[in-house]
Each structure stands twice: as C-alpha cells, then as structure tokens.
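# A predicted structure for the sequence below; I have some questions about it.
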Amino acid sequence: MSDKETNKNTSRSFFSKLKESVSGASTRVTSNFFDFIGKNKIDEELIDDIETHLIMSDVGIETTEIIIDQLKKESNKNIKTTKDLKESIKEIMLTILEPVDIPLKINTNQKPFVILMVGVNGSGKTTSIGKLSGLLSAQNKTVMLAAADTFRAAAVEQLEIWAIRNQLEVISQETGADPGAVSFDAYASAQSKNIDILMVDTAGRLHTQQGLMDELIKIKRILNKQASDSPHEIMLVIDASLGQNALLQAIKFNEALGITGLIITKLDGSAKGGIILSIANELKIPIRYIGIGEKASDMQKFDRFQYVDALLNYSDP
Ligand SMILES: Nc1nc2c(ncn2[C@@H]2O[C@H](COP(=O)(O)OP(=O)(O)OP(=O)(O)O)[C@@H](O)[C@H]2O)c(=O)[nH]1
Ligand SMILES: [Mg+2]
C-alpha cells in the first residue's frame, strides 16, 4: 500500500470514529439530523424542529438562538430547497467555529515552551499529555513532563507510563509535595537541558474549590517568574460528555487563569457533540485538539470542517 493510500485510510477511519462519536452515540439527536429535514417542507415548524434538535445535541440555548436567527434571516432570501437549508446550517456552524479553529503553535525560540494542563477531575489531562507528548516528539521536538499532580500517588505512575512509551523524562517529587516546587524544578531542569517543550500535569479540581484554584494560580505565577511569557499555553482539558456543565467549567477556569487553549476529550463516547459550538460561541478560546479515545493515537487537531461534517452526518469522506 502506498503512503498516500495509508493516509487516506487513516483519515477515513478517524472520520468514521469521530462521526460515530459525535453523531452515532447520540442517535436520538444528530445521526439523522439531515434525514428529518429531508422529509419536510421548509416552514416554521421545520425551523422549530431544528431548534429542538440543536438544543438536544447540547449546542446550548444561547448558541442555538444565534443559529436559528441566522437561519430565519437566510430562509427569507436564499433558502429554496432542503439542500440550501442544509448548506446554510453547515455554513452558520462553520462561521461560529472559525475563530476558535486555531492550532497550537509552538515557538521553539522560547525554550522551554511551557504547556500547563488544567481541568476538573478525570477530564483527561494526564492522558492528553501522554498523547500530545507523543505527537510532539514525533515532530522531533524534545519534550519533558512535570508531575505537578502531587495529590495522588498513582498520578505520577500514570504519567511515567506515558513517559516510558514516548521515551521522555519526568520530573517528580513525593506525594504531597508542593506542585509549585515541582513546576519550578521542572522548568529549571528543562532549561538546563535545552528542552523544547515542558508539559506540566496538574491535579484535577473543581472551579468551586477556591484553595485548589489558588494553587493553580500559584503554579502559573511561579512559571511566569522563570520566564515572563511562561506558561506559553494554559490548556484547559474538558470532557465533552459533561455537556453544558463543561461550558460553565470553562468559563470559571478562564476567569481564574486566562485559558489560552482547549482540548475537548471523550468525543468518542459523548452524546454531547454540540457542546463544542457552545464553547466556541461563548468563550472564543482556540480549540487545539480533540480526544476521541484512550489510545495514544486517539487525538487529533481540531478541524472545524471535519467536525461539522461529523456532527451533521453530512457526507462520507
Ligand atoms: N473514551 C475516552 N476516554 C478518555 C479520553 N481521554 C481520557 N480518557 C479516559 O478518561 C479517564 C481519565 O483520564 P485521565 O487522563 O486520568 O484524566 P485526568 O484529568 O488526568 O484525571 P485526574 O488527574 O484524576 O484529574 C481515563 O480512563 C482515560 O483513559 C478520550 O478522549 N476518550
Ligand atoms: Mg491526571
């Protein structure tokens, strides 16, 4: 098989997986998103049905209203057939997503480029560090990991498993150590070894736990003292299956820390694929990657075209 064919197959299997995840799991909502449109004439009732479908797929009331208002405006002039209607929905969604479809750019003049991973418990921070460190190493970047989740003993072990797999060094201290001190040591070590990227894992926390949020602010401040532009990326990892709660978390973490990028995980098992539109519309923070499974290869750069196709089950690649 040629490289080209291999690539094609890889992207097709990803697409099916994303499509399964975003639409397949939510059969009640999106898998037939366009099928139901196909059977109806374009009238107010159909627009109401679309509105209900959007809310049920976790697009959120505010964002749904924006989509529906736009659709009504266009239906007065440009929409004659259901094909026009489908195209229109797709275009409106792409317009909402465009400002957040910005990939992570790593400036290797800033050594180490620091990525601080934050988020609630179990959102997929450590796994995302594992996957992303693999992707970045494969691009010939040197990566070091910092185990600033000193809360759980198993957290360091979990990070070490990924580090062994990707042949990376982990900087850690004993359980209960100060996560700020781990971050400080890791930065110094990465700097002395001329490492390109330092990824800092932190313990999960709820935005309502003020003491723990303050701890993150402290880690940020410590990293910022080491270099004025560090941390270069404050990455919030969000579990898509939490639906609208994920939006609330993102708002609160952003208020506390100033989030610069998002990873949306567990889209493979989520019935809430529409949450990405909601987050994009209300927060306008770049979505860097999406998680679509537990394996090392189950992470992809966010691509708004691929995502909207998958959400709407629009076409096969
Ligand atoms: N299906 C699926 N599972 C995922 C994905 N990302 C992470 N997981 C799983 O979610 C669980 C929690 O992931 P972790 O990486 O440990 O999450 P965390 O945010 O580091 O958790 P804490 O450190 O406890 O806050 C693990 O079982 C992961 O394998 C994903 O994209 N899809
Ligand atoms: Mg973790």
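Looks like it arrived, so ask away. Ligands and ions are numbered 1, 2, ... in the order given.
# buried stuff in stretch 57-71?
Buried positions in stretch 57-71, judged by neighbour count with 16 or more other CB atoms under 10 Å: Ser57, Asp58, Val59, Gly60, Thr63, Thr64, Ile66, Ile67, Ile68, Gln70, Leu71. The C-beta positions use only the backbone N, C-alpha and C, and glycine is treated the same way.
# what's the helix or strand for the residue of the stretch 51-200 of the chain found nearest ligand 2?
Residue of the stretch 51-200 of the chain nearest ligand 2, by CB to the ion: Thr126 (3.3 Å). If you go by DSSP states H and E, Thr126 is part of helix 125-138.
# one step back: what's the closest of the buried residues of stretch 57-71 to Lys284?
Ranked by distance to Lys284 (CB to CB), the buried residues of stretch 57-71 are led by Thr63 at 11.9 Å.
# per-residue pLDDT, the closest one?
We have a pLDDT of 96 for Thr63.
# which residues touch it?
Residues near Thr63 by CB atoms under 8 Å, 6 or more residues apart in numbering: Leu54, Ile96, Leu277, Ser278, Asn281, Glu282.
# now the third one: closest residue in space that isn't a chain neighbour?
This points to Leu277. Val59 (4.9 Å; CB to CB, 6 or more residues apart in numbering).
# can you pull the contacts of the one you found?
Going by CB under 8 Å, 6+ apart, Val59 touches Ile67, Gly274, Ile275, Leu277, Ser278.
# can you show me the strands along this protein?
Along the chain, the stretches classed as strands by DSSP state E are 113-118, 143-148, 169-171, 197-202, 233-239, 261-265, 287-291, 299-301.
# mind listing what's buried in stretch 265-283?
265-281, 283.
# what about the nearest residue in space to Asn121 that is not next to it in sequence, neighbour count?
Distances taken as CB to CB, 6+ apart place Gly204 nearest to Asn121, at 3.1 Å, with adjacent residues excluded. When neighbours are counted by other CB atoms under 10 Å, Gly204 registers 20.
# also Lys131?
When neighbours are counted by other CB under 10 Å, Lys131 registers 25.
# the one 10 residues further on too?
Around Lys141 sit 15 other residues, with neighbours defined as other CB under 10 Å.
# tell me the phi and psi of it?
As for Lys141, its main-chain torsions (degrees, to the nearest 10) stand at phi -100, psi 140.
# was I right about it contacting Asp196?
Yes: counting by CB atoms under 8 Å, Asp196 is a contact partner of Lys141 at 4.3 Å.
# shared neighbours, the two?
Common neighbours of Lys141 and Asp196 (criterion: CB under 8 Å, 6+ apart): Ile106, Thr108.
# please enumerate the helices of this structure.
Here the chain has its helices, by DSSP state H, at 3-22, 33-38, 44-56, 61-77, 82-97, 125-138, 153-166, 179-192, 210-226, 244-257, 275-283, 304-312.
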